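> Fold the stuff below for me.
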Amino acid sequence: MSNKIFLSCDEANHTCDKTQYNDATILEKIKLTFHLAFCAACRKYTKNNAKLTKVFTTKPVKLDTTEKSKMQSAFEQELAKQSNE
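Okay, here's the model as predicted:
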C-alpha cells in the first residue's frame, strides 16, 4: 500500500478485511476511516463484513467429512484456475 492519504475502494476493502483480523496498522485504519466518510459503497461493505465476522465467531460452522471434502475439492479447482490465468 502506498503512503497516499486517499485509498481506492479495493484498498479500502482490503484494509477493512485486515481490520477485522486486527492486522491493520493505525495509519491504515485512519485512511480507511477517511475513505468511509466519503464512500457509501465501502461503508456498506464494511457493515456487511462486520456482520459476517460476527456470525462466524458466534456460531462456528461445523461440516461433516463429506461436505468438507467437497468444499476442499472445489476450492482446489478454483485455485488451479486462478494460478493458470
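
> Point me to the helix or strand that includes the residue of the chain most remote from its centre.
Residue farthest from the centre of the chain, counting by Cα atoms, centre = their mean, is Thr66 at 26.8 Å. Under the criterion of DSSP states H and E, Thr66 resides in helix 65-84.

> so where is the chain shaky, pLDDT-wise?
1-3, 85 (pLDDT under 70).

> ok, now which ones touch the residue nearest the centre of it?
Taking Cα atoms, centre = their mean, the centroid of the chain lies closest to Asp17, which sits 3.5 Å from it. When contacts are counted by Cβ atoms under 8 Å, 6 or more residues apart in numbering, Asp17 is found next to Asn49. C-beta: built from backbone N, CA, C; applies to glycine.

> So what's the gap between the strand or helix carrying it and the chain middle?
Asp17 belongs to helix 9-20 when assigned by DSSP H and E. Centroid separation between helix 9-20 and its chain, computed with Cα atoms, centre = their mean, to the nearest Å, is 6 Å.

> Following the chain onward from it, which element is next?
Going down the chain from helix 9-20, the next helix or strand is helix 26-38, by DSSP H and E.

> can you state the direction angle for that following helix and helix 9-20?
120 degrees (axes from the mean of the first three to the mean of the last three Cα atoms, to 10 degrees).

> who's in contact with helix 26-38?
1, 5-7, 9, 12, 15-16, 18-19, 24, 42-43, 46.

> rerun at 6 Å
Outside helix 26-38, the residues that touch it by Cβ atoms under 6 Å, 6 or more residues apart in numbering are Leu7, Ala12, Thr15, Cys42, Arg43.

> Pull out the buried positions in that helix.
Under the neighbour-count criterion of 16 or more other Cβ atoms under 10 Å, helix 26-38 has Glu28, Lys31, Leu32, His35, Leu36 buried.
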